[in-house]
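> show me how the following folds:
(4 chains)
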4 protein chains.
Amino acid sequence: MTGHEIRVGVLGASGYTGGDLVRLIMTHPRLRITVMTADRHAGRSMQAVFPHLGMYDLPDMIAVEDADWDDCDVVVCGLPHGTTQKIVARLPDHLRIVDMSADFRLRDMNTYAEWYGHEHQAPHLQPDAVYGLTEYYRREIATARLVACPGCYPTAALLLLLPIVTDGLIDANDIIIDAKSGVSGAGRGLKEGLLFCEIAEGIHPYGVANHRHAPEIEQEISLAAGRHVLVNFTPHLIPMNRGELLTAYVRLADSRTAQDLEISLSSRYADEPFVHIAPKSAALATRHVRGSNHVLLQVYEDRLPGRAILVSTLDNLVKGSSGQAIQNINLMFGLPETTGLEQASLFP
Amino acid sequence: MTGHEIRVGVLGASGYTGGDLVRLIMTHPRLRITVMTADRHAGRSMQAVFPHLGMYDLPDMIAVEDADWDDCDVVVCGLPHGTTQKIVARLPDHLRIVDMSADFRLRDMNTYAEWYGHEHQAPHLQPDAVYGLTEYYRREIATARLVACPGCYPTAALLLLLPIVTDGLIDANDIIIDAKSGVSGAGRGLKEGLLFCEIAEGIHPYGVANHRHAPEIEQEISLAAGRHVLVNFTPHLIPMNRGELLTAYVRLADSRTAQDLEISLSSRYADEPFVHIAPKSAALATRHVRGSNHVLLQVYEDRLPGRAILVSTLDNLVKGSSGQAIQNINLMFGLPETTGLEQASLFP
Amino acid sequence: MTGHEIRVGVLGASGYTGGDLVRLIMTHPRLRITVMTADRHAGRSMQAVFPHLGMYDLPDMIAVEDADWDDCDVVVCGLPHGTTQKIVARLPDHLRIVDMSADFRLRDMNTYAEWYGHEHQAPHLQPDAVYGLTEYYRREIATARLVACPGCYPTAALLLLLPIVTDGLIDANDIIIDAKSGVSGAGRGLKEGLLFCEIAEGIHPYGVANHRHAPEIEQEISLAAGRHVLVNFTPHLIPMNRGELLTAYVRLADSRTAQDLEISLSSRYADEPFVHIAPKSAALATRHVRGSNHVLLQVYEDRLPGRAILVSTLDNLVKGSSGQAIQNINLMFGLPETTGLEQASLFP
Amino acid sequence: MTGHEIRVGVLGASGYTGGDLVRLIMTHPRLRITVMTADRHAGRSMQAVFPHLGMYDLPDMIAVEDADWDDCDVVVCGLPHGTTQKIVARLPDHLRIVDMSADFRLRDMNTYAEWYGHEHQAPHLQPDAVYGLTEYYRREIATARLVACPGCYPTAALLLLLPIVTDGLIDANDIIIDAKSGVSGAGRGLKEGLLFCEIAEGIHPYGVANHRHAPEIEQEISLAAGRHVLVNFTPHLIPMNRGELLTAYVRLADSRTAQDLEISLSSRYADEPFVHIAPKSAALATRHVRGSNHVLLQVYEDRLPGRAILVSTLDNLVKGSSGQAIQNINLMFGLPETTGLEQASLFP
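Down below sits the predicted model:
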């Protein structure tokens, strides 16, 4: 290991994204965890909160107000939506912040208030927040103080759609995104709907026509399209722990073909270490990216004339959250972007 | 028990649809199984093939050529696609036939040849085959000799879409059906893709833009629309045993609303014992119909103007196959249609 | 339907055992539900609590103190342990009571206090409570006012062990029971350990050496052995909704063989409609009894001289709870014991 | 990266253990894959066989007879049992061999013939084969040409039992091992019993009293005990991809306690990087070791006097197979033993 150690504070370390961040940091050659907060679990050890990490030498959980920020160079927030903004507003200036919650993703404060049901508590910080979709905001992320990592669904949707919207290959007003996610995306909170018996051996849609990731997708698609667009975004809960697969149904622009979409994606991501266009010999599956930071994309001709079908898949806790957070930290601290993210996918 | 006993032969009794048919018949007051064939398992007992039915007094498996058809009033075919037609062509005239395979579903022999890769072996029987979507072909089924039960996906799609296409409420040329199915729909054959480890903890699409249930759906939608239409039909495999959920994305006809769709469905199915419009207080889930013959439908407004989202769910082995077969047998033999199909759904 | 209708009150109808009881009653020809209580859900419909039963005409949930007991002939209690005893103590005398909780299973009030952490609230009722293991207490159940249905694990353990202990074929002081259960056995309460992500893709033991079903098993084994015995009972949680499988390791009495055990079981259960000795051609699996009231038993020689291995399996919500409750109601009201329990197992 | 590159040939690269070996090598700083064989898949790419590894630059599959052994320093065999011995016998002398099959685990050729149903094909190699249980045969492994990695179950059993047998703390003639495994342990072959629908939502024992891992466990326990012993070994199949959990029931030697067992294990493994004694605050679960090379052990007092309960868990594909293979390669080539095995467990 060469170079200085980067000291990381993990806020909300007892949730699934927090836990997966810790997992990834355990093999990152330059990051070291110095602070872990988990208000409900303050005073407890990592062994107690996440036994799968109990064999490592890690600090105990503390309450966020007990953290010594002088011990940290960067904090990563895995807190529930709505609570991050208040905490971030009080953090000392020397700290750089990578937020995995939704608090700083929406640029428009009215849109935030509309979808989250309350006024934003730190609107003054929003203008400086950089949207942390690494492949699209590298330059801004490198110098940002506050990076707002995209939601898992928006990451999967935007990596799939931005190039073809930017290139004008599809009708941006007719995008249908049928999404399927593993259960960890819903967090570790106690809700009847998250009990094993309410999920296993079944599938159901949720948040139909009103999921909070829709405005986030629309924000970035609108920027790419150059005008305000809406999207259909319909998520479904799948009886699996991890993984997300999006099937997008799009209308081609005049005289465009599915092949044009594939060329656009291949060209855009040719040099990306984590985004891959997969051959159609095997249909994409979430299990192809489990535990890794990889994203796979695929394009199909539709049976309906003038339409195409696109598919993307990623691990919601890695590229959809903690992995992308580390990718951004690497950028912010001048490390090679793939550092600590080299794990291959775990199958089966 | 009153009335005469109806003697049933089950062809292909060692597959999942065959097994579920036997399960349902075990509590049917008028049906008795007299013949069970399973070529690969000829000579074996039910205990050996399906231990969960081993406690019942059932005939052993025999080869189909060893069956004594004088012992049967009706045969139900749960054979693989392509083999049924040859066997059915040789059955004596007194037998009525309920086919759960795809062999007699497509009215057009060219379409059959195109999708199944070979000429049909019994085209002379096709004109007399009745499409066994009970809620739409009751009168014809009652008197048919040969009933071709719909596929599981077409059942879920057609019950959801036929009323609103018939009523002209949507654009029949812009129907997108994103389907999700449990694994039993793929049968009990030995394929690497059906191994536990290739499915658990993951999801993937399959047969994108070329699944054989597309032409079957199109056939009936075209009849309802009064012109030939194509549909987008994109199935996904879900890590669960049973159940099917369809999310359909439709474009509304001018000035029509999602509420109009719901009214159309409610009106069409008001008197149906097995088809229900569910309130939106809880999103539909396959687990709401597990093991039962019920179908649930739901309509949502889309976030995209001029569009709507529809959802349907059923158990692929029951209403999607064996249950509908029994519903049709009930009609064919003058029994109340719900006889033997009263089981409530099994949850969890 | 012949004969009078028996009116059933279901206390705690919003839990999994309550829900499965309702499912079974839906096809029982003589039982009708007139009252359903669920304190936390009072005022809600069945559709809201259990959408899979939303298509039936059922009373809304009410608080237990609002129930009109004149509408009931029998109440079935699916309440959490510890609360049943207080409610039962206040029920009018005309009501017969079938309790699916643990409150009246232990005959010794000191044992109850030791394992449940508080003094029993209705010790005066305990002497009249009959232990509801149907196959062993039929005569007493038929005339009992209060039947305490066994726990799911004790049902699986006792049906497996009682005959061979009674017949003196094994050393009752050296019984090891390694148990595996689906998650529904833990109920529908909100606990982190019951979240999907804490259970799927994993297995773990729980309650090692201190599970509350141990003293219940010991109580009945001791009666059969004619002296006080302890047992090793070690349960494990399996990522499945339903089902229970017990693997018991026993030391044979002098000169006894595994075959003697099998003969003892076969003889004891020859006339039982729900208890079956399965051939060893296929190992027992919980999926062989899913959704049904059947119990399967199997005996194996051990590789260790002088020992044998026994296996039993049942559905924890059916024979392990609601199904056995109905079996007992049938006895209490003079109906054939299998009435309403004829469903075959659901597989896959 | 320093030091020479070690060139690895993977024989049987299309199976689950082969695939997991490749996954681990992808982040190993010193190993490079130069040859991959898969007879049935010869000519196919890694993308075709394992899409989750399709983004890496790996050689295509070839038939084993087409391999150029000059390109390899070591070969790892993930072939089916029975085929390895023939292939290994023909390998050139310069190659070192790490075998993950069962072919060279049993020292006694008669025992091999008895359990595997045929005479061993390369008995002359057996005397030089070292049993690859790393924590017990480090010195021999370092210099061995042929290392026979233990089975997954024996690894979990022996790490748990060897210290306490060696220390004379338990009766070696009364060991009962109730084992639970994920499905990947059964391999990727096409068997009806491995289909998703035959496993999901269920559990069953298999190989009761005659599983081939019993003699392997007995071989090493006998060495530790100083006399020939038999064990009860009863495996169960769990509906999960990976992971293995063993619950062992043992009789304590006179005046010994469960605490003595814990002390023995803690002492024996104090300096081991991958073997940990877990606190009893949380019961062991396979999910605590998923994807990692860690093994967790736990000791409980039994309710039965004079007995104790022990639990161990590991990932069957990592420490139970590929991970241990790499651990041994590290030893054989003088690398730090943990090289490339630092991945933390993946949860959820």
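> what's the neighbour count on the closest residue to residue A:25 other than its chain neighbours?
If the residues on either side of it in the chain are set aside, residue A:25 comes closest to residue A:31, at 4.8 Å by Cβ to Cβ, 6 or more residues apart in numbering or on different chains. C-betas here are computed from N, CA, C, even on glycine. Taking other Cβ atoms under 10 Å in any protein chain shown as the criterion, the count of residues near residue A:31 is 25.
> show the pLDDT at residue A:31.
At residue A:31 the predicted local distance difference test score is 98.
> with the one 5 residues further on instead?
Here, the pLDDT recorded for residue A:36 equals 97.
> what residues are bridge-paired with it?
Each beta-bridge partner of residue A:36 is listed here, defined by DSSP bridges: residue A:10, residue A:61.
> mind listing what it touches?
Residue A:36 is in contact with A:9-10, A:13, A:18, A:22, A:46, A:58-62, counting by Cβ atoms under 8 Å, 6 or more residues apart in numbering or on different chains.
> roughly how far apart are it and residue A:18?
Residue A:36 sits 8 Å away from residue A:18, going by Cβ to Cβ, to the nearest Å.
> where do the contact lists of those two overlap?
Going by Cβ under 8 Å, 6+ apart, residues that sit against residue A:36 and also against residue A:18 are residue A:10.
> would you mind listing which of the contacts of residue A:36 are buried?
Burial by neighbour count, judged by 16 or more other Cβ atoms under 10 Å in any protein chain shown, picks out A:9-10, A:13, A:18, A:22, A:46, A:58-59, A:61-62 from the contacts of residue A:36.
> ok, these vs residue B:278, which is closest?
Nearest to residue B:278 among those: residue A:18, at 36.7 Å, using Cβ to Cβ.
> so for the helix or strand hosting residue A:172, what's the average pLDDT?
Here residue A:172 is covered by strand A:170-181, with elements defined by DSSP states H and E. In this model, strand A:170-181 has an average pLDDT of 98.
> wait, does that strand contact chain D?
No - between strand A:170-181 and chain D, judged by Cβ under 8 Å from any Cβ of the partner chain, nothing touches; the nearest distance is 13.0 Å.
> show me what that strand is packed up against.
Counting contacts by 3 or more Cβ pairs under 8 Å, 6 or more residues apart in numbering or on different chains; DSSP states H and E, the secondary-structure elements packed against strand A:170-181 are helix A:152-166, helix A:213-225, strand A:232-237, strand A:244-252, strand B:170-181, strand B:244-252.
> whichever helix or strand comes after it and chain B, are they touching?
Sequence-wise, the next helix or strand downstream of strand A:170-181 (DSSP H and E) is strand A:204-205. Yes - remark: strand A:204-205 sits within contact range of chain B at A:204-205, by Cβ under 8 Å from any Cβ.
> just to revisit the earlier point, with mean neighbour count added, can I get the helices and strands packed on strand A:170-181 in CSV?
Supplementary listing: the helices and strands packed on strand A:170-181 in CSV, determined by neighbours: other Cβ atoms under 10 Å in any protein chain shown:
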stretch, mean neighbour count
helix A:152-166, 26
helix A:213-225, 22
strand A:232-237, 24
strand A:244-252, 25
strand B:170-181, 23
strand B:244-252, 25
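> okay if I get the ones you listed as JSON lines plus distance to residue C:114?
Output for those, formatted as JSON lines (distance: least, Cβ to Cβ, whole Å):
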{"stretch": "helix A:152-166", "distance to residue C:114": "48"}
{"stretch": "helix A:213-225", "distance to residue C:114": "52"}
{"stretch": "strand A:232-237", "distance to residue C:114": "42"}
{"stretch": "strand A:244-252", "distance to residue C:114": "49"}
{"stretch": "strand B:170-181", "distance to residue C:114": "49"}
{"stretch": "strand B:244-252", "distance to residue C:114": "48"}
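> residue A:41 - how many residues pack around it?
18.
> dump the contacts of residue A:36 to JSON lines, plus pLDDT.
What follows is those, written out as JSON lines (pLDDT from 0 to 100):
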{"residue": "A:9", "pLDDT": "98"}
{"residue": "A:10", "pLDDT": "98"}
{"residue": "A:13", "pLDDT": "95"}
{"residue": "A:18", "pLDDT": "96"}
{"residue": "A:22", "pLDDT": "98"}
{"residue": "A:46", "pLDDT": "95"}
{"residue": "A:58", "pLDDT": "97"}
{"residue": "A:59", "pLDDT": "97"}
{"residue": "A:60", "pLDDT": "97"}
{"residue": "A:61", "pLDDT": "97"}
{"residue": "A:62", "pLDDT": "97"}
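> hang on, the earlier thing: out of the helices and strands packed on strand A:170-181, flag the one nearest residue A:189.
Residue A:189 lies closest to strand A:232-237 among the helices and strands packed on strand A:170-181, at 14.5 Å (Cβ to Cβ).
> elements contacting the closest one?
Strand A:232-237 makes packing contacts with helix A:152-166, strand A:170-181, strand A:204-205, helix A:213-225, strand B:244-252, strand B:307-314 when contacts are defined by 3+ Cβ pairs under 8 Å, 6+ apart.
> could you dump the ones you listed into TSV and include distance to residue D:54?
What follows is those, written out as TSV (distance: least, Cβ to Cβ, whole Å):
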stretch	distance to residue D:54
helix A:152-166	18
strand A:170-181	21
strand A:204-205	30
helix A:213-225	27
strand B:244-252	29
strand B:307-314	34
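> for residue D:250, find the nearest of the ones you listed.
Between residue D:250 and the helices and strands packed on strand A:232-237, the shortest separation by Cβ to Cβ is 44.0 Å, and it involves strand A:170-181.
> what angle sits between the closest one and strand B:307-314?
Between the direction of strand A:170-181 and that of strand B:307-314, the angle (axes from the mean of the first three to the mean of the last three Cα atoms, to 10 degrees) works out to 30 degrees.
> whatever residue of the stretch 51-200 of chain A ends up closest to chain D: neighbouring residues, count only.
Going by Cβ to the nearest Cβ, chain D is nearest to residue A:52 of the stretch 51-200 of chain A, at 4.0 Å. Neighbouring residues of residue A:52 were enumerated by other Cβ under 10 Å; the total is 28.
> so what's residue A:84 up against?
Under the criterion of Cβ under 8 Å, 6+ apart, the contact list for residue A:84 reads A:11, A:77, A:99, A:101, A:103-104.
> out of everything not next to it in sequence, what's closest to residue A:256?
residue A:169 (5.0 Å).
> ok, then the element right after the helix or strand hosting residue A:265?
Assessed by DSSP H and E, residue A:265 sits inside helix A:258-268. Per DSSP H and E, helix A:258-268 leads on to strand A:275-277 as the next helix or strand towards the C-terminus.
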